[in-house]
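Colleague: Could you work out the structure for the sequence below:
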Amino acid sequence: VQLQASGGGLAQPGGSLRLSCTTSGISLDVYSIGWFRQAPGKEREGISCISSSGNTIYYVPSVKGRFTISRDNAKNTVYLQMNSLKPEDTAVYYCATDCSDSPDNYWGQGTQVTVSS
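Modeller: Numbering: from 1, shown residues only. Presented below is the predicted three-dimensional model:
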């Protein structure tokens with residue numbers, strides 16, 4: 001099973017992008033879904049997570065107030081709305097079926113986000 005992460009691209013500083021995470025292989029509504037990112041030369045970091053019900057949400061301090069995670073279980077999709085983008089947000093973004101970075105998760109293939117003027 002592989003998740004599909006999409007919505008990345010090139011944005012200017014201060015701009016916005018919305019990432020989506022979905023799959024046809026499993027029902028995501030039983031999983032917490034985490035968003036992770038890996039910048040060039042850096043380790044992958046978890047940046048946000050949402051519980052299966054959507055009632056519990058976490059953001060790493062560097063994105064809190066700028067990014068919003070949400071889910072639509074009817075569409076089997078989790079979103080990451082990214083506003084006020086900064087060059088340091090440039091990374092490959094991944095979604096996974098847990099808040100922890102574990103090889104036991106189902107992972108998406110990653111979507112590139114580049115923030116540059």
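Colleague: give the contact list for residue 60.
Modeller: 45, 46, 47, 48 (Cβ atoms under 8 Å, 6 or more residues apart in numbering). Backbone N, C-alpha and C define where each C-beta goes, glycine included.
Colleague: swap in residue 98?
Modeller: Residues counted as contacts of residue 98 (Cβ under 8 Å, 6+ apart) are 31, 32, 33, 34, 104, 105.
Colleague: before we move on, back to that, nearest to residue 14 among the contacts of residue 60?
Modeller: Among the contacts of residue 60, residue 47 lies closest to residue 14 (Cβ to Cβ), at 18.7 Å.
Colleague: and the closest one, what does it touch?
Modeller: Shown in contact with residue 47 (Cβ under 8 Å, 6+ apart): 35, 36, 37, 59, 60, 62, 63, 67.
Colleague: With adjacent residues omitted, what lies nearest to it?
Modeller: residue 60 (4.8 Å; Cβ to Cβ, 6 or more residues apart in numbering).
Colleague: For residue 99, see how far away the one you found is.
Modeller: As judged by Cβ to Cβ, to the nearest Å, residue 60 and residue 99 stand 11 Å apart.
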